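1. sharing a model that was predicted from the sequence below.
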Amino acid sequence: MPAQPDRARLPIAVYVLGLSVFALGTSEFMLSGILQPLARDLDVSIPQAGLLVSAFAIGMVVGAPVLAAATLRLPRRTTLIALLAVFGLGQVAGALAPSYGVLFVSRILSALACAGFWAVGAAVAVSLVPVTARARAMAVMVGGLSIANIAGVPAGALLGQHAGWRAAFWAVAGLTALGLLGVIALVPRTAVPTGEDRPQLRRELGIYKDKQVWLALTATALNGAAVFALFSYLSPLLTDTAGLAESWVPTVLALFGVGALTGTFIGGRIADAHLFGTLFGGIAASTAVLAVLALTAHSPVAAVALSLMLGVTAFTTAPALNARMFNVANAAPTLAGATTTAAFNIGNTLGPWLGGLAIGAGWGYPSVAWTGAALAAGAVVTTAFAFRLHRATNQSRLIASSVTATPAAQDTAQSVETAKATETAKATGAAGHR
């Protein structure tokens with residue numbers, strides 16, 4: 001019976017936020033499927049086109065903490081509505097962009113709005129559920145990304161191949177409009193906290209004094225970099241290295257999305273009870289998958305199968321990484337969400353950049369898988385440090401608690417002994433009287 005509240009249904013607003021994230025995620029990831037037609041149309045190289053992924057990620061890194069701080073005392077629902085509207089306008093600007101430079105700027109502006117939505121939306125989702133359901137709530141939001149990979153990104157790739165890459169941006173603008181209507185209709189209004197509950201930037205910034213916050217941030221960034229070092233160049237790896245036709249790219253992207261949705265479901269189910277086990281297992285598995293892919297990238301079957309597996313392993317860890325940050329930064333939920341968003345996108349910036357350097361050095365597309373494997377291994381090491389510190393901190397608290405309780409325990413024992421002695425004396429006296 002005590003477990004029932006943990007498994008209760010999540011509020012519908014959490015699912016609405018997940019649906020909105022579907023539109024955001026489609027825009028964020030769809031470039032991997034339209035990289036080649038976009039590069040041809042704008043007359044830039046593949047690594048240059050790949051930097052558009054980094055541009056979006058840079059906007060996310062900057063936008064998450066800045067917008068979280070700027071909107072700290074605003075009603076969260078109003079903030080979500082405004083950010084979705086700006087994001088939609090950014091997609092329209094991208095669809096109309098006459099040059100690579102204009103598209104680059106539009107991606108950064110869209111990312112700023114996307115980052116703010118993620119930070120505030122994550123805080124809203126977590127606030128609507130008990131502590132023991134945080135990973136489940138975040139799994140729904142991350143699930144929006146997974147579904148974007150299953151449906152949105154492959155659809156964007158198909159549009160890019162048959163109707164031009166600009167059509168993909170128009171489609172995302174339409175999806176954003178639907179998400180906006182959902183937030184307006186179904187996300188509850190929230191009053192601005194007053195008094196002692198009023199958010200204070202100085203107090204929330206205090207989370208950055210905690211080593212665990214920085215370890216969680218580093219692990220999240222390295223894990224994101226590992227995935228995006230490969231994912232950003234998955235399309236040319238499949239066609240130029242594995243030898244698949246370009247028409248196969250949407251199918252493989254959809255398989256990656258199926259794996260991501262599966263991983264998100266698994267992570268959301270087990271992370272609340274086994275947080276560090278989920279982190280270790282998922283990141284270590286991603287390391288292995290990336291290393292094997294680097295060795296077998298010339299095999300079409302291996303490339304397709306391992307793309308699916310990477311989706312599973314990478315997204316199994318996502319709910320745990322989000323929940324971990326909210327656990328260690330519990331006193332500052334808005335900045336916790338912003339920090340997680342920034343950390344993911346630091347990785348999303350670093351990964352494509354390092355992958356582009358490897359390609360530019362002439363090491364070929366398999367080198368991006370080696371790059372990802374090295375970054376994932378770094379995330380495993382960082383998580384090990386966090387786990388060691390977590391255990392040491394908890395043990396210190398237990399020892400301190402035990403030491404504090406010792407006098408009380410001794411007093412209790414003495415009281416018991418005194419009571420026994422008194423009862424014995426009474427019994428002896430009674431026997432004497434008889």
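-> Received, thanks. Residues are numbered from 1 along each chain as shown.
2. contacts only, for the most centrally placed residue in the chain.
-> Geometric centre of the chain, nearest residue: residue 318, 4.8 Å, by C-alpha atoms, centre = their mean. Contact partners of residue 318, counting by C-beta atoms under 8 Å, 6 or more residues apart in numbering, are 138, 139, 142, 145, 263, 264, 267. To be clear about C-beta, it is placed using only N, CA and C from the backbone, and glycine gets the same treatment.
3. out of these, list just those in helices.
-> Among these, the ones falling in helices (DSSP state H) are 138, 139, 142, 145, 263, 264, 267.
4. surely the last one and residue 135 touch.
-> Yes: using C-beta atoms under 8 Å, residue 267 and residue 135 qualify as a contacting pair, with a distance of 7.2 Å.
5. which one of these two is surrounded by more residues?
-> residue 267 (33 against 28; other C-beta atoms under 10 Å).
6. per-residue pLDDT, that one?
-> Note on residue 267: pLDDT of 83.
7. which residues does it contact?
-> Residue 267 makes contact with 135, 139, 142, 278, 282, 315, 316, 317, 318, 319, 320, according to C-beta under 8 Å, 6+ apart.
8. filter those to the buried ones?
-> 135, 139, 142, 278, 282, 315, 316, 317, 318, 319, 320 (16 or more other C-beta atoms under 10 Å).
9. out of these, who's nearest residue 119?
-> residue 142 (14.4 Å; C-beta to C-beta).
10. residue 182 sits in which helix or strand?
-> helix 165-186 (DSSP states H and E).
11. if we can go back for a sec, now distance to residue 298 too, for the contacts of residue 318, in a markdown table please.
-> What follows is these, written out as a markdown table (distance: C-beta to C-beta, whole Å):
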| residue | distance to residue 298 |
| --- | --- |
| 138 | 37 |
| 139 | 35 |
| 142 | 32 |
| 145 | 30 |
| 263 | 26 |
| 264 | 30 |
| 267 | 31 |
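12. identify the farthest-apart pair in the residues you listed.
-> 138 and 263 (13.2 Å).
13. pLDDT below threshold where in the stretch 151-300 of the chain?
-> Filtered on pLDDT under 70, the stretch 151-300 of the chain yields the residue ranges 190-204.
14. ok, which stretches of it are helices?
-> Under the criterion DSSP state H, counting those that start in this stretch, the stretch 151-300 of the chain contains helices at 153-162, 165-186, 201-205, 211-231, 234-236, 249-270, 275-296, 300-316.
15. now the contacts of residue 267 in TSV, please, with extra columns for distance to residue 232.
-> Shown next, in TSV, are the contacts of residue 267 (distance: C-beta to C-beta, whole Å):
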residue	distance to residue 232
135	27
139	24
142	19
278	25
282	20
315	16
316	21
317	19
318	17
319	23
320	23
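16. closest to residue 344 out of those residues?
-> Comparing the contacts of residue 267 against residue 344 with C-beta to C-beta places residue 318 closest, at 8.4 Å.
17. can you count the residues close to the closest residue to residue 128 other than its chain neighbours?
-> With sequence-adjacent residues excluded and distances taken as C-beta to C-beta, 6 or more residues apart in numbering, residue 128 is closest to residue 11, at 4.8 Å. Counted by other C-beta under 10 Å, the residues lying close to residue 11 total 17.
18. and if you look at residue 388?
-> Quick note: residue 388 (other C-beta under 10 Å) scores 11 neighbours.
19. SS state for it?
-> Assigned by DSSP: H, G, I helix; E, B strand; the rest coil, the conformation of residue 388 is helix.
20. residues contacting it?
-> Not one residue lies near residue 388 by C-beta under 8 Å, 6+ apart.
21. circling back: my guess is the residue nearest to residue 128 contacts residue 129. True?
-> Yes: look at residue 11 against residue 129 with C-beta under 8 Å: they come within range, at 7.2 Å.
22. quick check, nearest of the buried ones among the contacts of residue 267 to residue 225?
-> Looking across the buried ones among the contacts of residue 267 and measuring by C-beta to C-beta, the closest to residue 225 is residue 317, at 13.2 Å.
23. got phi/psi on the closest one?
-> Per-residue torsions, residue 317: phi -80, psi -20 (degrees, to the nearest 10).
24. without its sequence neighbours, what residue ends up closest to it?
-> residue 282 (3.5 Å).
25. contacts only, for the one you found.
-> Contacts of residue 282 (C-beta under 8 Å, 6+ apart): 263, 267, 313, 314, 316, 317, 320.
26. try residue 364
-> Applying C-beta under 8 Å, 6+ apart, we find residue 364 in contact with residue 241.
27. strands along the stretch 1-150 of the chain, start to end?
-> Taking DSSP state E, counting those that start in this stretch as the test, none of the stretch 1-150 of the chain falls into strands.
28. what segments of it are helices?
-> With DSSP H, counting those that start in this stretch as the criterion, the stretch 1-150 of the chain has helices spanning 12-29, 31-42, 46-70, 76-96, 100-127, 134-147.
29. export those helices to a markdown table and tack on mean pLDDT and distance to residue 165?
-> Shown next, in a markdown table, are the helices of the stretch 1-150 of the chain (pLDDT from 0 to 100; distance: least, C-beta to C-beta, whole Å):
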| stretch | mean pLDDT | distance to residue 165 |
| --- | --- | --- |
| helix 12-29 | 84 | 12 |
| helix 31-42 | 81 | 4 |
| helix 46-70 | 78 | 10 |
| helix 76-96 | 89 | 9 |
| helix 100-127 | 84 | 10 |
| helix 134-147 | 74 | 21 |
